[in-house]
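Peer 1: Build the 3D model from these lines:
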Amino acid sequence: QPIAATRPQMLVVGSVHGDERLGALVAVSFARLLLERRSTDPWINRLVATRAVTIVPIPNPAGYDRSMRYEEGQDGDLIDPFTDFPPNANCMRSTTANIIDHLFRHNLFRIAIVFGDAGKNFIGHPWGDFDHCSPNMVAEPD
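Peer 2: Numbering: from 1, shown residues only. This next block holds a predicted model:
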């Protein structure tokens, strides 16, 4: 049964860096918690019944498979997928960034929780900051 577009959406992202294994475990544990306790916990039942929850435990599967922080780009360069935003000539080279970008472009997440980046977790918005990809980057108005 399709999820209604009017339901608030939530995104949980696990190991953006492949060598930070805990994020994937937390994301999978969260999914398991939702599945196992839905019928016994009224709060979890309400969360699942009234929200569209998207969980991406491993958006950087190549890095995770190799226990490598970075993703290898098509040109052989190592790309930090956590800072490969926003889209411009110098960014969006990693598969990981494109996966997360696609999710943000096709959903309206009210909350996005990302686990990773050396133990720093954050609640995110689509593009992060504008200072790390290009010295001349200018934020565009919504």
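Peer 1: excluding its backbone neighbours, what's nearest Met68?
Peer 2: Spatial nearest neighbour of Met68, excluding adjacent residues (Cβ to Cβ, 6 or more residues apart in numbering): Gly18 at 4.8 Å. In this view, the C-beta of every residue, glycine as well, is placed from N, C-alpha and C.
Peer 1: Relative to Pro42, how far out is that neighbour?
Peer 2: 37 Å (Cβ to Cβ, to the nearest Å).
Peer 1: what about the strands in this protein?
Peer 2: 9-13, 52-56, 71-72, 78-79, 109-114, 122-123 (DSSP state E).
Peer 1: tilt between the fifth one and strand 9-13?
Peer 2: It refers to strand 109-114. Using axes from the mean of the first three to the mean of the last three Cα atoms, to 10 degrees, the direction of strand 109-114 lies 10 degrees away from that of strand 9-13.
Peer 1: send the alpha carbons of stretch 78-93 over as PDB?
Peer 2: Below are the C-alpha coordinates for stretch 78-93, written out as PDB (Å, rounded to 0.1, in the frame of the first residue of the first chain):
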ATOM      1  CA  LEU A  78      39.300   9.700  -3.100                       C
ATOM      2  CA  ILE A  79      36.100  11.600  -2.300                       C
ATOM      3  CA  ASP A  80      34.800  12.300   1.200                       C
ATOM      4  CA  PRO A  81      31.100  11.600   0.700                       C
ATOM      5  CA  PHE A  82      30.100  13.500   3.800                       C
ATOM      6  CA  THR A  83      31.300  16.800   2.300                       C
ATOM      7  CA  ASP A  84      30.400  16.100  -1.300                       C
ATOM      8  CA  PHE A  85      27.500  18.600  -1.300                       C
ATOM      9  CA  PRO A  86      26.000  20.900  -2.700                       C
ATOM     10  CA  PRO A  87      25.700  20.300  -6.400                       C
ATOM     11  CA  ASN A  88      28.200  22.300  -8.400                       C
ATOM     12  CA  ALA A  89      31.200  21.600 -10.600                       C
ATOM     13  CA  ASN A  90      33.400  20.500  -7.600                       C
ATOM     14  CA  CYS A  91      30.800  18.400  -5.700                       C
ATOM     15  CA  MET A  92      28.300  15.600  -6.200                       C
ATOM     16  CA  ARG A  93      31.100  13.200  -7.500                       C
END
